[in-house]
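Trainee: give the three-dimensional model of this entry:
(chains A, B, C and D)
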4 protein chains.
Amino acid sequence: MKRSIERLHNVVRDELNQGNISGAVGVYGELDPKVEAKALEILELRPAQAETQILQRDRHAALLSAIAIAGGTIEQIARTFWEMMRSDVCELREPRAPEQRGSSAMAHKRNPILTERLMGMARLLRGYAHAAMENIATPECRDISQSSVERHIFPDATSLLDYMVRKMTELVEGLVVFSHCMLENLENSQGVWASQRVRNALMDAGIPYSEAYQYVQQLSFEAEKDRMHLKTLLTLRPLNGRYVTDILPSEKIEECFDVNAYIQKGIEHIFSQ
Amino acid sequence: MKRSIERLHNVVRDELNQGNISGAVGVYGELDPKVEAKALEILELRPAQAETQILQRDRHAALLSAIAIAGGTIEQIARTFWEMMRSDVCELREPRAPEQRGSSAMAHKRNPILTERLMGMARLLRGYAHAAMENIATPECRDISQSSVERHIFPDATSLLDYMVRKMTELVEGLVVFSHCMLENLENSQGVWASQRVRNALMDAGIPYSEAYQYVQQLSFEAEKDRMHLKTLLTLRPLNGRYVTDILPSEKIEECFDVNAYIQKGIEHIFSQ
Amino acid sequence: MKRSIERLHNVVRDELNQGNISGAVGVYGELDPKVEAKALEILELRPAQAETQILQRDRHAALLSAIAIAGGTIEQIARTFWEMMRSDVCELREPRAPEQRGSSAMAHKRNPILTERLMGMARLLRGYAHAAMENIATPECRDISQSSVERHIFPDATSLLDYMVRKMTELVEGLVVFSHCMLENLENSQGVWASQRVRNALMDAGIPYSEAYQYVQQLSFEAEKDRMHLKTLLTLRPLNGRYVTDILPSEKIEECFDVNAYIQKGIEHIFSQ
Amino acid sequence: MKRSIERLHNVVRDELNQGNISGAVGVYGELDPKVEAKALEILELRPAQAETQILQRDRHAALLSAIAIAGGTIEQIARTFWEMMRSDVCELREPRAPEQRGSSAMAHKRNPILTERLMGMARLLRGYAHAAMENIATPECRDISQSSVERHIFPDATSLLDYMVRKMTELVEGLVVFSHCMLENLENSQGVWASQRVRNALMDAGIPYSEAYQYVQQLSFEAEKDRMHLKTLLTLRPLNGRYVTDILPSEKIEECFDVNAYIQKGIEHIFSQ
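Mentor: Below you'll find the model as predicted:
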C-alpha cells in the first residue's frame, strides 16, 4: 500500500502538474507562451514542454495504471483475507452488525461480502487502465476519441479506488481475528510446518542434505496420513538405524517445534524497519 | 455488422436463455428440479444443466465479448470514415446542423466529433469484456466478487452499444459524400492506381512479370514525383526499346485507366449476394 | 467445457470457413469472382461477402475471445480444485510422481503447481483476446498493423489452449480425491450445513419464517463457537419455550442431518440429463 | 519519450532494486535477515520490507505498465507519421531500400510497413501489462500462478519494447520528409488555416466576436467549396457593408497569411526549453 500511495503521489506530482494552453496545433500562433505560463500559474500548474494542442495522454495512462495497481494490491489483501475466512479455515471474519442476517438460504453462513466486492472491483480498474493506454495514440493529437473514454474512466476509476480504500480501511479496522483457530489449524497440521527446521537441525548434526530431506519428507507424509504428530514420529522412526533422539538433544527437538521462536526473528526484523 | 447482430442473437438465444434455481451449493437439497423448471418456464427460460449455485459466468463473458466485437466493427467503420473526413482528403463529412459552430479556435473546421466519439467508446467495451472474462473463475461459484463487477458492466456495456448503434445509424444516414472530391483525389494520383492493370496488360502481351513490374513501378514513381499522368508517361518512356503504344492497342490502354470498368465487376458481384 | 467446445466449433464453422481473394481494395478489379470461388473451394472455404481487401478481423476476435473464455472455464475448474487442495482443506491432491520432491524449503509440501500454472495461463489468453479486439478497426483494411499482432497471438493462443486442455485432462484423470477428508470437514462443521433443512422442517411444523430463521441462526453460531453439534443443541435449546424434540418427530430431525438424502435428488437430476 | 524513459528508469531504480530472501512464509524462520542483506548486496539489491515469501507483484505490474505506456507513445508517433504517409497526403515516407518492391499487386505503392508494425505491437504490450496487473493478487503469495505468466510476458514485453525503440529510431533517422508537399497541402487549403488570425485581427479592429466568427466561417466554407483563396474572398465579400480592405491595413492582412510568422513564436518557445 505504501508503494501504491507513493506511486499515485508521484504521478500527480510529476505527471499531472502540467498544463497546456498553446492554441490550435499547439504552435502558440495566436497565444503568447507568457499567457500560458500566467494562466497555468493561477491553476498551480507548470507549462508542459513540447506538447501538441492537447496534453499528451501517456500521463493519464500512468495515473490510471497506478490506480489499477493500487486496486490490485487491495485485491491481494482481500484475497488473502478471503482464504482465511473460508468456513473450514475460519481464522478471520468480516466485521458484522449483530442483527445482520446470513445468507437467505443458509442462516449459519457469514459470507465475506465486502471482501468479495473488493476483489471484483479491481477487475474494473484494470479495464479502465487498459482503455487509458489505448488513448495514448490519439491520432494527430487533436481528435476527441480519447475524450468520450475519459468522461467515463476518470470519474469511475478515481471514485472506485476511493471507495475501495475506505472499505478496506473499515474491513481491516473491524476484522475479527480468531487466534485460537489459527493455533488449532497449526496443531491440526501435526507439526509438519517444522519439517524444514528439523531437516536443518539434522544437517547441522552431520546428516547429508538428501538423506535429511527424504527422511523428513517421508515422516511428514506419514504424519498427515495417519494424523500423528511429526514430533512423535521422530521418536519412532529411525534414520539409517539411529533414532533421532540419539542424534539431536531433546532441547533441540523442542526448539524445532517452538512456533514463537520460528517467527520471532522475522517479526522483530519487519517491525524494526 | 450482420455478423455482429448474428453473434449477439446467438448468444442471447443459446447462452442466456437459461436459468438456474437449484438452491444452496446447487444440489437441489431443498428444492425440487420441477419447481425450477416451472419457475423458469414463467420467465421463458430453460433450466441450465449441471451448474453450481449460480449460473456459470462464461455465458456472460460470451455476451460481453460479442458486444465488444460489435463495438470494434463500429469503430472500424468510424475509423474508415474518419480517414475520408480529413481536411486534406475531404471525401466525406459528418451531418451537421446548418447553424452549428466549428471548433472554438478555428471557425473553418468541421471536426468529426461523432465519428471520434464512436472510435473512443469501443475501448470502453473492450475493458468491460475483459472484466467479464476475469469473472468466469469466480472461486467456488458462490462468492459475489463477480456481482460488483456486473452491476457496472452489464448496464454500461449494453446501453453504450445501443447508443453507438443509434449514433452510427444517424451518421450513415446523414453522411455527406463528396463524390467530386473522390474523383479529384483519384485524378491527383496521376493514374498510378491503374499500375496493376497496365502491368497485367503488358504481361498478356508477352512481357515477363519482372520486367513489367519494374517498368510500371519506375513510371509510377516518376508520375508521382513529377506530377505527370501515368498514361502520358507510357507514351514517353520505352520498355526495352519499344514504346508501349507499339505493344498495346490504344483501346487497351484506355481501358486500363477506365475507373468504372475497374470497379464494376466487384460492385456487381458484391451487390448480387 | 461443453459450451466452450461448442463455441469454438461454431466460430470455426461459421466465421473462419470463409476466404477472400478479391485483389487490391477488394473490388475484383483484376480478378474474377469465379477465380476466388474456385481457389477457395480447393481450400474448403466459402467466399466471404462484401469484405475489403482483407478478411474482416471481427472473425478472428471472435475466435480469440472463444479461446480466452475456454481458458476462463479451465481457470475456474483449476481455482475450485485449488481451494480443495489447500493444506487445511485437503480434499483433493494433484497427481504426483512417487519420487517427486516437495518444495525446496518445505519437504512436506505438495504444491499444486499444475493447477496454479493453469490459473495463470488464462490471464495470457485474455490479453491475446484483447489485442485481437483492437485489431478489428484496422484502418482502411489495408494496413498490416494487425499482422504483427497476429503473428504472435494466433500461435500463442491456440498452442496455449491446447496445452491447457491436455494438462487439465491429465489433472482430472490423475486427481487424488480424499473422500474421508470431505466427510471429516463436513463433520467439523458441527452439522450447521443442515441449518436450512432444520429451518424448513420447523416451518412445515408451523413456526413462522422469522422465528425459525433466528433460532437456527443463533444455534448455528453457538455450534461453531463452542464446537457442539447442531443436532445436540436442538435438544438443549428451547424455541419459544418448547423443545424442538416436541415440535419435530425424531426421524424428521435425523433426516435433516442425512447428507446422502440432501444431495441425492440433485445428483440424480444432474446425471439424468 | 523522455517521460517514458524516466518512468522506466524510476521503476527500475525504485521498485525493482529490491530483493527478498526471507525463506518459507517470509518469516526468516531459518534465515537470518543479515544473510539476506549480504546476499542481496552481492546482487546490488536492497532488502524489500515486509514482503511475504515472494516479492510482491505490484512492482512488476508497475514495470509492465511503464513498458506498455512507452509502447503507446511509440504507437502515437507511428500513428501521426502514418497519417502523413497516406498516398493523398504524402508529406512523409518510410526509408526504403532503392531496390525494394512495392506491394505485390500494386507496384506503385510504398506501404508504411514498419510504421504499421509498430502500431500493432503496442497492442501486445497492453495485453502483457493487463496480465501483470492480474498477477498482483496472487493468492497467499506463495502459489506460482504468476510464474507461468511471467515466463511469457517478461521476455516478450522487454524484447518487444527494445525492438520497437530500435525500429522507431531507424524510422525517424531515415524518414523522408516532403516539405514541398506540406506547403502544397497548405496551399490547397485555400488559406483557411489562417481563419483564426483574420478573426482576431477583425476583433482588434473593433468587430464583435460573434460577427467576426460568423463572417470568417462563411468565407472559409466558400473558400473550400469554390476553391478560392480566403485572402481573395476577403477582398470580395463585405462584412456588414464594409470591405475588409477598409477595416484592416493590407500589411495586416498579409501578416495573417504569413505561415512563418504563425509558427515562429511556438517553435522558438519549444526549442528554447
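Trainee: sec struct for the residue of the stretch 51-200 of chain A found nearest chain B, please.
Mentor: Of all residues in the stretch 51-200 of chain A, A:Gly127 sits closest to chain B, at 2.9 Å by C-beta to the nearest C-beta. All C-beta spots, glycine's among them, are computed from the backbone N, C-alpha and C. Of the three states, A:Gly127 takes helix under DSSP: H, G, I helix; E, B strand; the rest coil.
Trainee: count of neighbours near the nearest residue to it once chain neighbours are set aside?
Mentor: Among residues not flanking A:Gly127 along the chain, B:Gly127 sits closest, at 2.9 Å (C-beta to C-beta, 6 or more residues apart in numbering or on different chains). With neighbours defined by other C-beta atoms under 10 Å in any protein chain shown, the count for B:Gly127 comes to 29.
Trainee: from A:Leu160, how far off is B:Gly127?
Mentor: Distance, B:Gly127 to A:Leu160, using C-beta to C-beta, to the nearest Å: 13 Å.
Trainee: what do you get for A:Pro95?
Mentor: In terms of C-beta to C-beta, A:Pro95 sits 21 Å off from A:Leu160.
Trainee: give the contact list for the residue of the stretch 101-250 of chain A found nearest chain D.
Mentor: Per C-beta to the nearest C-beta, A:Ile136 is where the stretch 101-250 of chain A lies closest to chain D, at 3.3 Å. Contacts for A:Ile136 (C-beta atoms under 8 Å, 6 or more residues apart in numbering or on different chains) come out as A:56-58, A:61, D:69, D:72-73, D:75-76.
Trainee: ok, now with 6 Å
Mentor: By C-beta atoms under 6 Å, 6 or more residues apart in numbering or on different chains, the contact list for A:Ile136 reads A:57-58, A:61, D:72, D:76.
Trainee: ditto for A:Gly120
Mentor: The contact partners of A:Gly120, by C-beta under 6 Å, 6+ apart, come to B:145, B:148-149.
Trainee: so which of those are also by chain A?
Mentor: Restricting these to those near chain A by C-beta under 6 Å from any C-beta of the partner chain leaves B:145, B:148-149.
Trainee: just put those in JSON lines and tack on distance to chain C.
Mentor: Converted to JSON lines, the ones next to chain A among the contacts of A:Gly120 look like this (distance: C-beta to the nearest C-beta, whole Å):
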{"residue": "B:Ser145", "distance to chain C": "11"}
{"residue": "B:Ser148", "distance to chain C": "18"}
{"residue": "B:Val149", "distance to chain C": "13"}
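Trainee: okay, and which of those map to helices?
Mentor: B:145, B:148-149 (DSSP state H).
Trainee: in chain A, mark out all the helices, start to finish.
Mentor: A:2-10, A:33-42, A:58-85, A:113-135, A:145-174, A:179-188, A:195-204, A:209-226, A:230-236, A:244-247, A:250-256, A:259-271.
Trainee: how near is A:Pro33 to chain C?
Mentor: Note on A:Pro33: its distance to chain C, by C-beta to the nearest C-beta, to the nearest Å, is 35 Å.
Trainee: and if you look at A:Tyr163?
Mentor: Look at A:Tyr163 and chain C: by C-beta to the nearest C-beta, they are 25 Å apart.
Trainee: related to what we said a few turns ago, among the helices of chain A, show me which one is buried the most.
Mentor: Ranked by mean neighbour count under mean count of other C-beta atoms under 10 Å in any protein chain shown, those are led by helix A:113-135, which reaches a mean of 26.
Trainee: now that one - C-alpha only, PDB.
Mentor: The C-alpha trace of helix A:113-135 is given here as PDB (Å, rounded to 0.1, in the frame of the first residue of the first chain):
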ATOM      1  CA  ILE A 113     -19.500 -10.000   1.000                       C
ATOM      2  CA  LEU A 114     -17.300  -6.900   1.400                       C
ATOM      3  CA  THR A 115     -14.100  -8.800   0.800                       C
ATOM      4  CA  GLU A 116     -15.500 -10.300  -2.300                       C
ATOM      5  CA  ARG A 117     -16.800  -6.900  -3.500                       C
ATOM      6  CA  LEU A 118     -13.200  -5.500  -3.300                       C
ATOM      7  CA  MET A 119     -11.900  -8.500  -5.200                       C
ATOM      8  CA  GLY A 120     -14.300  -7.800  -8.000                       C
ATOM      9  CA  MET A 121     -13.700  -4.100  -8.300                       C
ATOM     10  CA  ALA A 122     -10.100  -4.400  -9.100                       C
ATOM     11  CA  ARG A 123     -11.100  -6.000 -12.400                       C
ATOM     12  CA  LEU A 124     -13.000  -2.800 -13.300                       C
ATOM     13  CA  LEU A 125      -9.900  -0.700 -12.600                       C
ATOM     14  CA  ARG A 126      -7.800  -2.900 -14.900                       C
ATOM     15  CA  GLY A 127     -10.300  -2.400 -17.700                       C
ATOM     16  CA  TYR A 128     -10.100   1.400 -17.200                       C
ATOM     17  CA  ALA A 129      -6.300   1.400 -17.200                       C
ATOM     18  CA  HIS A 130      -6.300  -0.600 -20.500                       C
ATOM     19  CA  ALA A 131      -8.600   2.000 -22.100                       C
ATOM     20  CA  ALA A 132      -6.400   4.800 -20.900                       C
ATOM     21  CA  MET A 133      -3.400   3.100 -22.600                       C
ATOM     22  CA  GLU A 134      -5.300   2.800 -25.800                       C
ATOM     23  CA  ASN A 135      -6.000   6.600 -25.600                       C
END
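Trainee: so for that helix, mean pLDDT?
Mentor: For helix A:113-135, the mean per-residue pLDDT is 94.
Trainee: can you state the direction angle for that helix and helix D:113-135?
Mentor: 170 degrees (axes from the mean of the first three to the mean of the last three C-alpha atoms, to 10 degrees).
Trainee: helix A:58-85 and helix A:113-135, what's the angle between them?
Mentor: Angle of helix A:113-135 versus helix A:58-85, following the same axes, to 10 degrees, is 160 degrees.
Trainee: ok so, going back, looking at the ones in helices among the ones next to chain A among the contacts of A:Gly120, which is nearest D:Thr115?
Mentor: Nearest to D:Thr115 out of these is B:Val149 (C-beta to C-beta; 37.1 Å).
Trainee: so what's that closest one up against?
Mentor: By C-beta under 6 Å, 6+ apart, B:Val149 lies in contact with A:120, A:123-124, B:131, B:135.
Trainee: would you mind measuring from it to A:Ile153?
Mentor: Separation of B:Val149 from A:Ile153 (C-beta to C-beta) stands at 15 Å.
Trainee: same check on A:His229?
Mentor: Going from A:His229 to A:Ile153 by C-beta to C-beta gives 55 Å.
Trainee: and for A:Trp82?
Mentor: Counting by C-beta to C-beta - A:Trp82 and A:Ile153 are separated by 27 Å.
Trainee: returning to that earlier point: nearest residue to the residue of the stretch 101-250 of chain A closest to chain D in space, please, no chain neighbours.
Mentor: In space, and not counting its chain neighbours, A:Ile136 is closest to D:Gly72: 3.3 Å by C-beta to C-beta, 6+ apart.
Trainee: mind checking pLDDT for that neighbour?
Mentor: Looking at D:Gly72, the pLDDT reads 94.
Trainee: go on, A:Gln214?
Mentor: At A:Gln214, the model reports a pLDDT of 88.
Trainee: show me the shaky parts of chain A.
Mentor: Chain A contains residues with pLDDT under 70 at A:19, A:21-31, A:46, A:49-54, A:97-109, A:140-142, A:273.
Trainee: give me the domain ranges for it.
Mentor: Domain assignment for chain A by automatic domain parsing gives A:2-16+A:55-182, A:21-54, A:190-271.
Trainee: would you turn those into TSV with distance to D:Asp32?
Mentor: As requested, the domains of chain A are exported to TSV (distance: least, C-beta to C-beta, whole Å):
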stretch	distance to D:Asp32
domain A:2-16+A:55-182	25
domain A:21-54	48
domain A:190-271	7
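Trainee: for the ones you listed, which one sits closest to B:Cys90?
Mentor: Closest to B:Cys90 of these is domain A:2-16+A:55-182 (C-beta to C-beta; 15.3 Å).
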